[in-house]
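In: structural data only, the sequence is not supplied:
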Ligand code: RFL
Ligand code: PHB
């Protein structure tokens, strides 16, 4: 098979890239190990930052987002006895949207299907070849068991944290930076109306807790738990009790309403960056190049920002023979990647209990400053609501 751009991974990065390239007349083929249904039903991100929403709208993907997504002006930050609202719109003029990754994925799949996008689901043995030539290729076994070779002008690794693309950059040329955190998140999805109008991020002596949501009838909540926690040890009642304590049920009359839990999982947390994000005719985008802990709600947004830079770079390279944006892609993308890596690390470090009381006092002092100083609040708001793509 021959195509212009071979895209590995049909998650949000891969499908959005295929969509943006097609809008400029550049054909691509996507290969994906999982089934379409599996990719579309993975419960992951929930918050879209301002520039993500702008990009999706400009790409013609904003219709359902505008109809069903919920615009939030800010977030609540709290610790025992105190809850403060940070209004991002007042502070920076920018808001965020609650619209699940599952919904973004459905919109992308529908748009690509309507356009006749070639996507090979349920492939195996994906391997990358000849990346230092101008005819790189991807080999895989298709869902019928047939070995295939896809020859392209460019290969883009959008294959997330476990895909083969990042390892295809020669070990002598790649650098990785990593931080593993000593705690995880236990996340639940519950069929109950959210007990809050906007997200609550809570510091508590027992550990961090967060109240997020997916819609007017579905809540998403998280608890800080030790690494290697077994979900089987957390009954629904135990989870709701811990959430009530950490989120301050009863404080100033606020109540947390529990409901039926429909999904429950433990999510380890780490920061990871691999540089450069390009090697020869291979480009990396999204989780294939970087992972952030979820506390800053940045993972999906970073994947979208990468693709927002990469699509015009590939259009120039393949459509006009102009390599300037492609040559600048890695450095340009990494500026935002490191900004978001810092912000996610900072939010994580400020809100999770380490067990050390000196750390706890520093965290509380930081929270008091962020919620009482306009400079502090604006810094958080600017990063959370999102910097412009290309910053
Ligand atoms: P994805 O979504 O992981 O997609 C990569 C795809 O590549 C496929 N693949 C392969 N395909 C072919 N051959 C191979 N050998 C392959 N190996 C893998 C995979 O099957 C997969 O379909 O990466 P992408 O597109 O870069 O998108 C990144 C986002 O999914 C991720 O950053 C976010 O979900 C992170 N994240 C959050 N981000 C936010 O912005 N806000 C949030 O609130 C937020 N919450 C979260 C999250 C991630 C979570 N988990 C479990 C990772 C909450 C959770 C629980
Ligand atoms: C979510 O809704 O899943 C979510 C929201 C904000 C975060 C992390 C996860 O910071």
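Out: All right, it came through fine. This is a predicted model, so every value here is computed, not measured. Numbering: from 1, shown residues only. Ligands and ions are numbered 1, 2, ... in the order given.
In: any idea how far residue 106 is from residue 113?
Out: 11 Å (C-beta to C-beta, to the nearest Å). In short, each C-beta sits where N, CA and C put it, glycine included.
In: same thing with residue 148?
Out: Residue 148 is 27 Å from residue 106, by C-beta to C-beta.
In: neighbour count winner among the two?
Out: Set residue 148 next to residue 106 and count neighbours by other C-beta atoms under 10 Å: residue 148 wins out with 17 against 14.
In: okay but that one is in contact with residue 139, surely?
Out: Yes: counting by C-beta atoms under 8 Å, residue 148 does reach residue 139; the two are 6.8 Å apart.
In: secondary structure element holding the closest residue in space to residue 62 that isn't next to it in sequence?
Out: Distances taken as C-beta to C-beta, 6 or more residues apart in numbering place residue 56 nearest to residue 62, at 5.2 Å, with adjacent residues excluded. Taking DSSP states H and E as the criterion, residue 56 maps to helix 50-58.
In: show me what that helix packs onto, helices and strands only.
Out: helix 63-68, strand 96-98, helix 299-320 (3 or more C-beta pairs under 8 Å, 6 or more residues apart in numbering; DSSP states H and E).
In: strand partners of the second one, parallel vs antiparallel please.
Out: According to DSSP bridges, the neighbouring strands of strand 96-98, each with its direction, are strand 47-48 (antiparallel), strand 70-72 (antiparallel).
In: in the longest one, what's buried?
Out: By neighbour count on 16 or more other C-beta atoms under 10 Å, the buried set for strand 70-72 is residue 72.
In: helices of the protein, residue ranges please.
Out: In the chain, the helices defined using DSSP state H lie at 12-23, 36-41, 50-58, 63-68, 88-92, 101-114, 236-247, 299-320, 324-351, 357-372, 374-385.
In: return the most buried member of those helices.
Out: helix 12-23 (a mean of 25; mean count of other C-beta atoms under 10 Å).
In: compute the inter-axis angle for that one and helix 299-320.
Out: Angle between the axes of helix 12-23 and helix 299-320 is 30 degrees (criterion: axes from the mean of the first three to the mean of the last three C-alpha atoms, to 10 degrees).
In: helix 12-23 vs helix 50-58, what angle?
Out: 40 degrees.
In: on contacts alone, who are the packing partners of helix 12-23?
Out: strand 5-8, strand 28-31, helix 101-114, helix 299-320.
In: which other residues reach it?
Out: Contacting residues not belonging to helix 12-23 are listed as 4-5, 7-8, 27-28, 30, 32, 59-61, 101, 104-105, 108-109, 111-112, 115, 117, 119, 156, 158-159, 285-288, 300, 303-304, 306-308, 310-311, 314-315 [C-beta atoms under 8 Å, 6 or more residues apart in numbering].
In: OK, contacts around residue 272?
Out: Counting by C-beta under 8 Å, 6+ apart, residue 272 has contacts 161, 176-179, 290-291.
In: which of these tops the neighbour count?
Out: residue 290 (31 neighbours).
In: where's residue 321 relative to residue 156, distance?
Out: 19 Å.
In: which of the two has more neighbours?
Out: For the pair residue 321 and residue 156, the greater number of neighbours falls to residue 156 (32 against 7), based on other C-beta under 10 Å.
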